[in-house]
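Trainee: Just a sequence and a predicted model for now, questions to come.
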Amino acid sequence: MKVIGINGSPRKGWNTDLLVSEALKGAASKGAETELIHLYDLRFRGCISCFGCKKKDSPGVGRCAFSDELLPVLDKIHHCGGLVLGTPIYIGDVSSSMRALIERLTFQYISYQKEKGAYFDRKMPVLSIYTMNCPEEAMKNNGYESMFARSGELYNRLLGGPSKSLAVNETLQADDYSKYEMSRFDEAARKKRRDDVFSQELKKAFDLGAEMFKIA
């Protein structure tokens, strides 16, 4: 099994990247081959609605037809055995690059044929990791859990499932808060949470990777 991990954050070596990497380490501990891809290293755009993936009598039906730096990544995902999607929550949603990936990844597999459910013909487990500044209570009050559930249902329907998610709250935003206009936040409390709680979240990511992507 090959498991692809996607870091949908522009920041390397930070919260989202670390969690995705731990999930991949968990998968590797059970025998999976893994690869980490940083979305913000690539030049690409979201779906342009060209319908190339649904053109009649095309050998590429069910596959994205738009050629840019994301296309080889979509090809890798198409042939892999598991997927880890990690993204920060920015302005109440996934990062712009992750949104573009999700459009391109999922639309190619959606079938408009009555006799065809989806163009992806096997089951692929998907682990979604979400990192955010807001506390757990605010996450619930703002309806984020419903958003995460809808994404999971989409992956189950188009990629066969199973899908699971991990939400990580109140993440550390910077090494030195004094350099930024960030007086609303308690730097000491965030750093303590980083030491006490984030380490537990890393273990959760590792355990989920080991559980979801183990080789039978």
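Mentor: Cool, the structure landed.

Trainee: Closest to the mean position in the chain, which residue would that be?
Mentor: residue 85 (1.6 Å; C-alpha atoms, centre = their mean).

Trainee: On the strand side of things, show who that residue bridges to.
Mentor: Taking DSSP bridges, one finds residue 6, residue 128 as the beta-bridge partners of residue 85.

Trainee: Name the nearest residue to residue 193, ignoring sequence neighbours.
Mentor: Distances taken as C-beta to C-beta, 6 or more residues apart in numbering put residue 170 closest to residue 193, at 5.7 Å, once the chain neighbours are dropped. In this view, the C-beta of every residue, glycine as well, is placed from N, C-alpha and C.

Trainee: Tell me how far that neighbour lies from residue 198.
Mentor: Separation of residue 170 from residue 198 (C-beta to C-beta, to the nearest Å): 9 Å.

Trainee: so what sits against both of the two?
Mentor: Common neighbours of residue 170 and residue 198 (criterion: C-beta atoms under 8 Å, 6 or more residues apart in numbering): none identified.

Trainee: Give the buried residues for stretch 50-59.
Mentor: For stretch 50-59, the neighbour count (16 or more other C-beta atoms under 10 Å) marks 52, 53, 54 as buried.

Trainee: OK, contacts around the closest residue to residue 43 other than its chain neighbours?
Mentor: Nearest residue to residue 43, sequence neighbours excluded (C-beta to C-beta, 6+ apart): residue 69, at 5.0 Å. Residues in contact with residue 69 (C-beta under 8 Å, 6+ apart) are 42, 43, 44.

Trainee: pLDDT score for the residue nearest to the centre of the chain?
Mentor: pLDDT for residue 85: 98.

Trainee: Touching, it and residue 131? I think so.
Mentor: No. Between residue 85 and residue 131 there is no contact under C-beta atoms under 8 Å: 11.9 Å.

Trainee: and the most far-flung residue of the chain relative to its centre, what helix or strand is that in?
Mentor: Farthest-out residue of the chain from its mean C-alpha position, per C-alpha atoms, centre = their mean: residue 57, at 32.1 Å. Following DSSP states H and E, one finds residue 57 outside all helices and strands.

Trainee: quick one, helices of this protein?
Mentor: For the chain, helices defined by DSSP state H occupy the ranges 15-29, 71-79, 96-107, 136-141, 144-159, 187-193, 199-212.
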